[in-house]
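S.K.: Give me a model of this one.
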Amino acid sequence: MIGFVVVAILAIPSFGSSVLGLVLFLLGVNPVILRVLFALAIGTAVVMLIFWWEDRDRSPVKLLVAGGSGVVSLGTYLLMRGAPEAQGDAWAALLMILAAVVGLGGVVVMLLGAKSQQGRPRRRWSLSPGRDAAYVRARRRALEILVERGVVHVDEDRRRQLAEMPLGTWHTMDAASQR
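M.R.: Residues are numbered from 1 along each chain as shown. A predicted model of the protein is given here:
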């Protein structure tokens, strides 16, 4: 339980660091705190890119965190440029620009470089293995009936291959035979 609380305390500021930076900027907080928060925003966007790189999945969470961080960082920078009293802190401004570039650039990379959803293999695990086993038995019986009635012509190897395929993948056999 204590570990969860520690992780939550560390995660909330990092995922919302650019938003927190915007709020604290509007409240007129010390620029050193802004530097730390926007450095965290850069780190968060980089972490989202690393997670994306591992699975190339266009997850809404990754897009929202990286893009939201970038947009809020850019907005804070633009507000900072409009406030004459805050223009002296070049490091905070630089970190805001970097957070915006990394966040928005990360979204572009994630959108352009993600795998297509059509070639994605289906999961082989199930929340209800008993129900899946019943589906497999029913599918096997349906195939036997279709073969007996002469509706489908498959040899023994193809029948074995069809029986071993995961649920929801028989349509790929149709696509392969039409080529």
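S.K.: Helices of the protein, residue ranges please.
M.R.: 2-15, 17-27, 31-55, 60-82, 90-113, 129-148, 156-164, 171-177 (DSSP state H).
S.K.: Just give the nearest non-adjacent residue to residue 111, would you?
M.R.: residue 58 (6.8 Å; Cβ to Cβ, 6 or more residues apart in numbering). For glycine as for every other residue, the C-beta is placed from the backbone atoms N, C-alpha and C.
S.K.: Might one say that the one you found is in contact with residue 110?
M.R.: Yes - the pair residue 58 / residue 110 is scored as a contact, 6.0 Å apart, by Cβ atoms under 8 Å.
S.K.: can you give me phi and psi for residue 153?
M.R.: Main-chain dihedrals, residue 153, degrees, to the nearest 10: phi -110, psi 110.
S.K.: Can you tell me the closest non-neighbouring residue to it?
M.R.: Closest residue to residue 153 apart from its sequence neighbours, by Cβ to Cβ, 6+ apart: residue 147 at 7.6 Å.
S.K.: go on, residue 46?
M.R.: Once flanking residues are discounted, residue 46 sits nearest to residue 102: 6.3 Å by Cβ to Cβ, 6+ apart.
S.K.: quick one: contacts for the one you found?
M.R.: Residue 102 makes contact with 42, 45, 46, 49, 66, 70, according to Cβ atoms under 8 Å, 6 or more residues apart in numbering.
S.K.: hmm, back to that, what's the neighbour count on the residue nearest to residue 111?
M.R.: 16 (other Cβ atoms under 10 Å).
S.K.: Quick check: the gap between the residue nearest the centre of the chain and residue 47.
M.R.: Among the residues of the chain, the one closest to the centroid is residue 59, at 2.3 Å (Cα atoms, centre = their mean). Separation of residue 59 from residue 47 (Cβ to Cβ, to the nearest Å) stands at 13 Å.
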